[in-house]
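1. please work out how this folds:
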Amino acid sequence: MLYVYDYDKYNEENGINIDLFKELDGNVYRDIKDIIKVIDNNKYNMKSYNSFRDKYTPKVENSTLEIVKIIKESL
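-> Just a heads-up that it's a prediction; the model follows:
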């Protein structure tokens, strides 16, 4: 879940590359009370979260080994 109380201000001043409300439907909140309700009711939108994760985070196996390899190659 994302708490974006300053979403409009941030977007105006810095810009945002993706529409968080669309990409993370049901997981982005401007009001902390809404987050508390979701937690209290255990009503997470996991489908939306998983879709976002699959779209924006790469699947890397052996990530620690890959990082070590990159570091060694840069030395």
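2. would you map the helices across this protein?
-> Per DSSP state H, the chain carries helices over the ranges 7-14, 20-23, 32-41, 46-56, 63-74.
3. of those, give the one that comes closest to M1.
-> Nearest of the helices of the chain to M1, taken as CB to CB: helix 32-41 at 5.8 Å. Glycine gets a C-beta too; all of them are placed from N, C-alpha and C.
4. what mean pLDDT does that closest one have?
-> Regarding helix 32-41, the rounded mean pLDDT is 94.
5. who's in contact with it?
-> Helix 32-41 has contacts (CB atoms under 8 Å, 6 or more residues apart in numbering) with 1, 3, 5, 29, 43-44.
6. most neighbours among those, please name it.
-> Most neighbours among these, by other CB atoms under 10 Å: Y29, with 20 neighbours.
7. what's across from that residue in the sheet?
-> Beta-bridge partners recorded for Y29 (DSSP bridges): Y3.
8. that one against L20, yeah?
-> No: the pair Y29 and L20 fails to qualify as a contact (CB atoms under 8 Å) at a distance of 10.2 Å.
9. shared neighbours of these two, anything?
-> Contact with both Y29 and L20 is made by residues 2, 4, according to CB under 8 Å, 6+ apart.
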